[in-house]
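**Student:** Sequence plus predicted model, see below.
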Amino acid sequence: MVSFTSSLMPIAIISTLLAITSPPSCFAFSAIHTSTQSRATKRTGIHHASKRHIAPLISRSSSGNTFQSLNHPGHDTTTSITSSSSSTRLALDISGENIGATSSLLTSLAASARPIASSLFAYSGNVPLWQSFLLNAVLFGSLRSKLNKMLTAEGFANAFVLGTMLWSTLGWRGWTLCVAYLFLGQAVTKVKFQEKEKAGIAEGRGGRRGPENVWGSALTGLICAACSVQGNGSFLGISSEVYILGYVASLSTKLADTFASEIGKAYGKTTFLITTFERVEPGTEGAVSAEGTAAAVLGGFLLSLYGYAVNFISWKGVVVSTVAAFLATNAESLIGATLQEKEGMTWMTNEVVNFINTLIGAGIAIAGGVFVLGM
């Protein structure tokens with residue numbers, strides 16, 4: 001649970017402000033009060049002196065810094081000034097004590113927050129779920145305007161669940177890798193979007209992703225992320241590093257597929273069916289083009305490169321992930337050409353194909369990590 005003292009932060013800040021601002025006000029009031037009494041004493045002395053025609057009634061005391069009224073010993077200005085000084089010293093002492101107590105409280109709060117920050121931004125992940133949930137609530141709230149252009153309302157909610165689980169398992173590196181996939185995928189989807197929309201081959205809902213897109217694209221990655229934090233460095237005989245390579249490759253595969261599809265539909269001059277090499281219209285399931293194939297390599301490489309940049313995988317891992325993404329993307333084209341939209345295969349939707357696609361990409365990368373890289 002969040003430390004109780006953290007809830008006192010606003011109170012501590014307000015108390016500090018009051019402690020700092022209040023003493024000068026008290027001092028000013030005391031000074032005005034003293035000054036008024038002094039002026040009143042002087043006026044009284046002058047009034048009686050003029051009335052009784054006697055010598056000056058106010059004399060400097062032996063201390064040299066206070067005045068006493070000889071005619072009115074009951075009205076002691078020295079007492080007023082001394083009392084004012086004591087009040088001022090008391091107010092300053094109190095403010096000093098408040099500032100000291102508040103500083104101690106803030107120091108204690110900072111010490112309590114340090115381990116939470118270290119946990120949230122741990123390099124190896126394994127972040128407590130409640131911390132991941134709260135941080136994702138803040139991040140998704142701050143990115144809401146941008147995410148609403150990429151996701152439907154249901155897609156936003158499901159992406160929030162996905163983000164929470166990814167940060168909890170892989171930390172900020174796994175989370176940002178998935179966000180990079182989302183932004184790059186959305187960017188390439190918008191390439192010549194109006195032309196693709198007129199041709200009837202654009203993504204539905206203006207390119208916004210729903211929950212089926214979220215899980216079709218990232219479920220394999222989430223499984224790899226969960227496996228990477230099981231056991232003590234390995235799970236089912238496979239090391240955590242290999243599962244992380246599978247995670248990177250799964251999202252790289254999906255981005256490669258998105259690049260191939262969107263660039264192929266936008267710029268593909270010649271598209272043909274991958275099984276028979278028959279010329280077909282752009283957007284046909286199982287269709288490929290030279291432009292789309294080149295884009296697939298680029299998309300898979302870009303996300304794999306980001307995995308290297310955040311020290312998720314090595315340079316060799318980048319090569320394995322890029323190759324796995326390319327091979328899996330072509331396997332997805334084969335599935336589309338042979339199974340999708342066929343009689344009795346209505347369940348083979350785009351989302352199911354996407355899941356199979358990422359599963360193949362992750363599988364190839366995991367096999368490459370174990371047998372080629374010796375991880």
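**Tutor:** Yep, that arrived. Because the structure is predicted, anything quoted here is derived from the model rather than measured.
**Student:** going forward, measure contacts and count neighbours with C-alpha atoms only.
**Tutor:** Noted.
**Student:** Show me where the stretch 251-375 of the chain has its helices.
**Tutor:** Per DSSP state H, counting those that start in this stretch, the stretch 251-375 of the chain carries helices over the ranges 290-309, 315-338, 350-367.
**Student:** Which elements pack onto the longest one?
**Tutor:** The one in question is helix 315-338. helix 240-267, strand 287-289, helix 290-309, helix 350-367 (3 or more CA pairs under 8 Å, 6 or more residues apart in numbering; DSSP states H and E).
**Student:** so which of the ones you listed gets nearest residue 212?
**Tutor:** With CA to CA as the criterion, residue 212 lies closest to helix 350-367 of the helices and strands packed on helix 315-338, at 6.2 Å.
**Student:** Could you check the angle the closest one makes with helix 240-267?
**Tutor:** Interaxial angle of helix 350-367 relative to helix 240-267 (axes from the mean of the first three to the mean of the last three CA atoms, to 10 degrees): 130 degrees.
**Student:** Tabulate the CA atom coordinates of helix 350-367 in PDB.
**Tutor:** Taking Å, rounded to 0.1, in the frame of the first residue of the first chain, the C-alpha atoms of helix 350-367 are listed here in PDB:
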ATOM      1  CA  ASN A 350      -7.600 -11.300 -39.600                       C
ATOM      2  CA  GLU A 351      -7.100 -11.200 -35.800                       C
ATOM      3  CA  VAL A 352      -6.700 -15.000 -35.600                       C
ATOM      4  CA  VAL A 353      -4.200 -14.900 -38.500                       C
ATOM      5  CA  ASN A 354      -2.300 -12.100 -36.800                       C
ATOM      6  CA  PHE A 355      -2.000 -14.200 -33.600                       C
ATOM      7  CA  ILE A 356      -0.700 -17.100 -35.600                       C
ATOM      8  CA  ASN A 357       1.600 -14.800 -37.500                       C
ATOM      9  CA  THR A 358       3.200 -13.400 -34.300                       C
ATOM     10  CA  LEU A 359       3.300 -16.900 -32.800                       C
ATOM     11  CA  ILE A 360       5.400 -18.100 -35.800                       C
ATOM     12  CA  GLY A 361       7.700 -15.100 -35.500                       C
ATOM     13  CA  ALA A 362       8.300 -15.600 -31.800                       C
ATOM     14  CA  GLY A 363       8.800 -19.400 -32.300                       C
ATOM     15  CA  ILE A 364      11.400 -18.900 -35.100                       C
ATOM     16  CA  ALA A 365      13.200 -16.300 -32.900                       C
ATOM     17  CA  ILE A 366      13.200 -18.600 -29.800                       C
ATOM     18  CA  ALA A 367      14.500 -21.500 -31.900                       C
END
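**Student:** Other residues contacting stretch 283-293?
**Tutor:** Contacts with stretch 283-293, where a contact means CA atoms under 8 Å, 6 or more residues apart in numbering, come from 201, 259-265, 267-275, 280-281, 332-338, 340.
**Student:** List only buried entries from those residues.
**Tutor:** Buried by 16 or more other CA atoms under 10 Å: 201, 259-265, 268, 271-274, 332-337, 340, out of those.
**Student:** Surely residue 126 forms part of a helix?
**Tutor:** No: applying DSSP: H, G, I helix; E, B strand; the rest coil, one finds residue 126 to be coil, outside a helix.
**Student:** I'd assumed residue 173 was in contact with it.
**Tutor:** No: the pair residue 126 and residue 173 does not pass the contact test of CA atoms under 8 Å, sitting 11.8 Å apart.
**Student:** Show me where this structure has its strands.
**Tutor:** Per DSSP state E, the chain carries strands over the ranges 58-60, 67-69, 234-235, 238-239, 271-273, 287-289.
**Student:** Quick one: mean pLDDT for the fifth one?
**Tutor:** For strand 271-273, the mean pLDDT works out to 90.
**Student:** and what of the third one?
**Tutor:** Mean pLDDT, computed over strand 234-235, is 93.
**Student:** That strand pairs with which strands?
**Tutor:** Note on strand 234-235: by DSSP bridges, its sheet partners are strand 238-239 (antiparallel).
**Student:** Buried residues, stretch 176-191. List them.
**Tutor:** Across stretch 176-191, burial judged by 16+ other CA under 10 Å covers 176, 177, 178, 180, 181, 182, 184, 185, 186, 188, 189, 190.
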